[in-house]
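just coords:
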Ligand SMILES: [Zn+2]
Ligand SMILES: [Zn+2]
């Protein structure tokens, strides 16, 4: 059914092996696309993209309105009130 396949990485141009077991895994998950990047580049891309969006540094804070602990994307300072997302929307 599946056999190892050599693919050239889109990012670094190196050959990498799309192994039979990986192909099986992809087929199981219903992915029809072959990977375009080697493992290293995939990991690197994952890290950069997650760093840019949701995995931002979050700081623990206490909401100045309802007193609930919450997380904010900036360092809370004593001279500025911090609100949780619920209170912030209001
Ligand atoms: Zn690569
Ligand atoms: Zn609140």
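Looks like it came in fine. Just so you know, these numbers come straight off a predicted model, no measurement behind them. Residues are numbered from 1 along each chain as shown. Ligands and ions are numbered 1, 2, ... in the order given.

going forward, measure contacts between C-alpha atoms and count neighbours the same way
OK.

and after the lowest-mean-pLDDT helix or strand in the chain, which helix or strand comes next?
The helix or strand with the lowest mean pLDDT-type score in the chain, counting by mean pLDDT, DSSP states H and E, is helix 39-52 (a mean of 80). Toward the C-terminal end, the helix or strand that comes next after helix 39-52 (DSSP states H and E) is strand 59-62.

Mind giving me the packing neighbours of that following strand?
Here strand 59-62 is seen to pack against strand 69-72 when contacts are counted using 3 or more C-alpha pairs under 8 Å, 6 or more residues apart in numbering; DSSP states H and E.

contacts for the strand it packs on?
Outside of strand 69-72, the residues within contact range by C-alpha atoms under 8 Å, 6 or more residues apart in numbering are 58, 59, 60, 61, 62, 63, 82, 83, 84, 85.

so what does the least confident helix or strand of the chain touch, helix or strand wise?
The contact analysis (3+ C-alpha pairs under 8 Å, 6+ apart) places helix 39-52 against no helix or strand.

Relative to residue 6, which of the contacts of strand 69-72 is nearest.
Looking at these and their distance to residue 6, the nearest is residue 58, at 40.8 Å (C-alpha to C-alpha).

what stretches of the protein score poorly on pLDDT?
Under the criterion pLDDT under 70, the flagged ranges of the chain are 49-56.

which residues are there in it that come within reach of ligand 1?
By the criterion of C-alpha under 5 Å from the ion, the positions of the chain lying close to ligand 1 are 9, 12, 38, 41.

out of those residues, who has the most neighbours?
Greatest neighbour count in the residues of the chain next to ligand 1, by other C-alpha atoms under 10 Å, goes to residue 38: 21 neighbours.

Good, wrapping up.
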